[in-house]
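*Asks:* can you look at this prediction? I've put the sequence above it.
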Amino acid sequence: MTILIIGGAGYIGSHVAREFLDQGHHVTVYDNLSSGLRENLFPEAHFIHGDIQDYPSLLRVAQGGFDALVHLAAYKAAGESMVKPEKYSLNNINGTVHILNAAVEAKIPFMVFSSSAAVYGEPAYLPVDEKHPTNPENYYGFTKLEIERFLGWYEQLKGIRFASLRYFNAAGYDVHGRITGLEQNPANLIPVIMEAACGMRAEVQVFGNDYATPDGTGVRDYIHVNDLAAGHVAALDHISRYKQSLIVNLGSETGLSVQEILEAARRISGKPIPARIVGRRPGDPGKLTASAQYARETLGWTPRYSDIDTLIKTSWEVYRKY
């Protein structure tokens, strides 16, 4: 298939592009490089520098005869979304409307969307499955849920088939070492720990150590980015084969605590990695883990690389060079 990957120079996007290339697809990356990096691009993929807010440019690219598109161009910092909702409205919501309209006009029939477990909010039960109530607690999660609703309407009215992939916590780097561009201004735990390990920041802040978890620190479901990338390919295979949209979790089903990750990072890197306990962040649940049963049953997808050592080792191999 010929695939347009919007946001394909970013951390997750570059891994997704690599997986589609590995599976024999033809890939074009469309990215404004605001957080993506040229070093994350591959010579086998065609690259077009452009912005989803520039609708004429986006439409010209979309009319290049694509079989499907992958949308990874949303902003994703939950904390920032609570103080800059206008930024997230413009990029995530308006930008997605541009992408959908361009897909309709260019007659692109299939779309894979990078959604988020943030659509669920505070867990009512664990593990969280796709039937869990959606009640996002930050504006970022709200934008992702609204986009899913747009997708449902565009399917009904315009016939676009979509896969909305609700990620949990993406982490790690390409297990074959082919992607080395660092995340820009990371807010997620593992890259923050890696930055502290290699001296790019003074310490790691641990947000609360009084949760009802075995060591008191928050527990999250971490999914290796190679596993995520494989999920995108499996999802597109499914919707193109069966002409049926789906919303599906991608998670490891394994909870790892902040303290466990810190200890593994210290062991693997050999660095002390200073950490300081600070107060809880509002809206942070003590534990959040996924059910990926639907992905297993529907897509035949299972995570291969999401154990704690692979998550940390593949990250450290990239960060240690800095």
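*Replies:* Done, it's in. Everything quoted here is computed from the prediction, not taken from an experiment. Numbers count the residues shown, from 1 in each chain.
*Asks:* distance of the nearest residue to A230 once chain neighbours are set aside relative to R267?
*Replies:* Taking Cβ to Cβ, 6 or more residues apart in numbering as the measure, A230 lies nearest to E19, with 5.9 Å between them; neighbours along the chain are not counted. C-beta here means a position set from N, CA and C on the backbone, and glycine is covered the same way. Spatial separation of E19 from R267 under the definition Cβ to Cβ, to the nearest Å is 29 Å.
*Asks:* which one's more surrounded, the two?
*Replies:* More neighbours surround E19 than the other of E19 and R267, with 22 against 11 (other Cβ atoms under 10 Å).
*Asks:* check contacts around the more buried one.
*Replies:* Residues counted as contacts of E19 (Cβ atoms under 8 Å, 6 or more residues apart in numbering) are N226, A229, A230, H232, V233.
*Asks:* that one belongs to a strand?
*Replies:* No: under DSSP: H, G, I helix; E, B strand; the rest coil, E19 sits outside any strand and is assigned helix.
*Asks:* state the pLDDT value of it.
*Replies:* In the predicted model, E19 carries a pLDDT score of 98.
*Asks:* one more: the one 3 residues further on?
*Replies:* Note for D22: predicted pLDDT of 98.
*Asks:* tally of neighbours for the nearest residue to S57 once chain neighbours are set aside?
*Replies:* Ranked by Cβ to Cβ, 6+ apart and with sequence neighbours excluded, the top spatial neighbour of S57 is G50, at 4.7 Å. Other residues within reach of G50, judged by other Cβ under 10 Å, total 18.
*Asks:* how far away is Y55 from I3?
*Replies:* When distances are taken as Cβ to Cβ, Y55 and I3 turn out to be 21 Å apart.
*Asks:* likewise N188?
*Replies:* If you go by Cβ to Cβ, the gap between N188 and I3 works out to 26 Å.
*Asks:* ok, G24 next?
*Replies:* Here the criterion is Cβ to Cβ. By it, G24 lies 11 Å from I3.
*Asks:* now swap in F168 and tell me
*Replies:* Summarising the geometry, the distance separating F168 from I3, computed by Cβ to Cβ, is 24 Å.
*Asks:* next: D174.
*Replies:* In this structure, D174 lies at 18 Å from I3, with Cβ to Cβ as the measure.
*Asks:* more crowded one of the two?
*Replies:* For D174 versus I3, the count of surrounding residues by other Cβ under 10 Å is larger for I3: 27 against 20.
*Asks:* sheet-wise, list the partners of the helix or strand where that one lies with their directions.
*Replies:* Secondary structure assignment for I3, by DSSP states H and E: strand 2-6. Looking at strand 2-6 with DSSP bridges, its partner strands are strand 26-31 (parallel), strand 68-71 (parallel).
*Asks:* most tightly packed of those?
*Replies:* For the strands paired with strand 2-6, average neighbour numbers computed from mean count of other Cβ atoms under 10 Å are highest in strand 68-71, which has a mean of 26.
*Asks:* name the residues that touch it?
*Replies:* Defining contact as Cβ under 8 Å, 6+ apart, one finds that strand 68-71 is touched by 1-8, 13, 16, 20, 62, 96, 99, 103, 108-114, 232, 236, 240.
*Asks:* helices or strands up against the following helix or strand past it?
*Replies:* Following the chain from strand 68-71 toward its C-terminal end, the next helix or strand by DSSP H and E is helix 78-83. For helix 78-83, the packing partners by 3 or more Cβ pairs under 8 Å, 6 or more residues apart in numbering; DSSP states H and E come out as helix 85-88, helix 139-158.
*Asks:* list the buried residues in helix 78-83.
*Replies:* Judged by neighbour count (16 or more other Cβ atoms under 10 Å), helix 78-83 contains these buried residues: A78, E80, S81.
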